[in-house]
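Novice: Sequence first, predicted model second:
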Amino acid sequence: MVVGDRHEGLHQCLNSVKSLCDEIIIVDVGSSGKTKRTVQEFTNKIFDFKEINNLAAAKNLAFSHATMDYILWLDADEYLLEEDQLKFKELKKYLNTTIDAVSMICPMEFDEYGNPSLIYTSNRIVKRGNHVKWKGTFNEYLEVSGTIYRSDVTIRKSDNTTPSQNDQSLLIYEHRLMNGEIFSPTDLYYYANALKAHSRLRKAIMYYKEFLNTQKGWVEDQIQACINMAECYKELGEVIKEKESLVMSFIYDTPRPEVSCRLGDLQKEKGEYKKAIIWYCLALEKDLESTDGIRKIDYSTWYPHLQLCFCYWQIGEKKKSVEHNNKAKVYKPNDSQVMYNDQFFKEYFSHK
């Protein structure tokens, strides 16, 4: 772990893994005395690092001090629930030398029922003997290859942490550009994301295209770049280019549920309900469990069902319309639109 000048969530993090790890290694990039005292409750392997703007180097320093066969990395605001600690212990029993890395589930957003709605799959355990390195100075990433085991261990974020600031991200990237630095494909992607977050849409599109033209990005980033470009074009009111950007994602892999639903939405807005149905049904067919990167659960659960409810009603297939509203209700029983549809169906069929 790398820790900085904050201690919120740190005790919870370390306490959740103290019985799982054979050693705990901390790189300190300038923390307060209270943070240091918290860390010292769990380990004496604490190493100071002064380059606070180079997290990749700090994480590589932490990795260099590891002595066990495998390395788990965490951020200071992350932790494992008891149920995931048990899963982790079982995972350790079956971990063998044929496995180069283990991915874990990282929920990023939750719905009103406490269920994950946005999930990110992240490689959290790596084989030390492979000498895996962190790359990049900002939005650093771990360069992993080989046999990756998909675990069902979930890593949670503390409730009392604050999100990273997009302003800082943009300023750092633009400072690097001014200094004549050549961006890596990953840098191009994250710089485009920062531009998009600041509504600098044309420039964001330009850098998404530059990223895609390198043909060297991670496939999930390439797909997300297409989706993000489509969102930019939507904001700009350029529907044809929005659709082209979504379809471009098919170059990199099978259609993601989000892409299918967005294409369905475009057909639905034009009143082309039969075409929209094809896309919404496709969104429900995709096996998300085999997908790395960001997984937006809504687009493969309640959302396409709710849209199918509307589309089937429009083409006169009332039974299917009711069926899909019921399926949406499984995920969102108190959703206002689902409840409205329920009431509408009751009144409509009571007069038949």
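Specialist: Noted; the coordinates are in hand. Numbers count the residues shown, from 1 in each chain.

Novice: ok, residues contacting the longest helix that the chain contains?
Specialist: Scanning the chain for the helix with the most residues, using DSSP state H, yields helix 219-236. Residues from elsewhere that reach helix 219-236 (Cβ atoms under 8 Å, 6 or more residues apart in numbering): 186, 189, 192-193, 196, 199, 201-202, 204-205, 208-209, 211-212, 217, 239, 241-243, 245-246, 248-249, 252-253, 256, 258-259, 262, 291-294. Glycine gets a C-beta too; all of them are placed from N, C-alpha and C.

Novice: Can you select the buried ones from these in ChimeraX?
Specialist: Buried members of the contacts of helix 219-236, defined by 16 or more other Cβ atoms under 10 Å, are picked up in ChimeraX with:
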select :186,189,192,193,196,201,204,205,208,211,212,217,241,242,243,245,246,248,249,252,256,258,259,262,291,293,294
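
Novice: returning to what we had before: quick one: contacts of the helix or strand just after the longest helix of the chain?
Specialist: Next in sequence after helix 219-236, counting helices and strands by DSSP states H and E, comes helix 239-248. Where contact means Cβ under 8 Å, 6+ apart, the residues beyond helix 239-248 that reach it are Leu212, Cys226, Ile227, Met229, Ala230, Glu231, Tyr233, Lys234, Val259, Arg262, Leu263, Leu266.

Novice: after helix 239-248 comes which helix or strand?
Specialist: Taking DSSP H and E, what comes next after helix 239-248 is helix 257-269.

Novice: mind listing the helices for this structure?
Specialist: Applying DSSP H to the chain gives helices spanning 10-17, 33-40, 55-64, 82-94, 166-178, 185-197, 201-214, 219-236, 239-248, 257-269, 273-285, 302-314, 318-331, 336-350.

Novice: what comes up buried for the longest helix of the chain?
Specialist: 220-234.

Novice: cool, stretch 269-276 as well?
Specialist: Neighbour-count burial for stretch 269-276 [16+ other Cβ under 10 Å]: Tyr273, Ala276.

Novice: 806 is where my numbering starts, stick with that
Specialist: I'll keep to 806 as the first residue from here, and by that count the last item is stretch 1074-1081.

Novice: Quick one: residues in contact with that stretch.
Specialist: Outside stretch 1074-1081, the residues touching it (Cβ under 8 Å, 6+ apart) are Gly1069, Asp1070, Gln1072, Lys1073, Gln1112, Cys1116, Tyr1117, Gln1119, Ile1120.

Novice: Please identify which pair of these lies farthest apart.
Specialist: Maximum pairwise distance among the contacts of stretch 1074-1081 (Cβ to Cβ): 16.7 Å, between Asp1070 and Ile1120.

Novice: Compare these two (neighbour count), which wins?
Specialist: More neighbours surround Asp1070 than the other of Asp1070 and Ile1120, with 16 against 13 (other Cβ atoms under 10 Å).

Novice: Now do the contacts for the more buried one.
Specialist: Applying Cβ under 8 Å, 6+ apart, the residues near Asp1070 are Ala1081, Gln1112.

Novice: ok, for Thr848, nearest residue in space, not its chain neighbours?
Specialist: Ile829 (3.9 Å; Cβ to Cβ, 6 or more residues apart in numbering).

Novice: Does that neighbour touch Gln845 like I think?
Specialist: No. At 10.8 Å, Ile829 does not count as touching Gln845 under the criterion of Cβ atoms under 8 Å.
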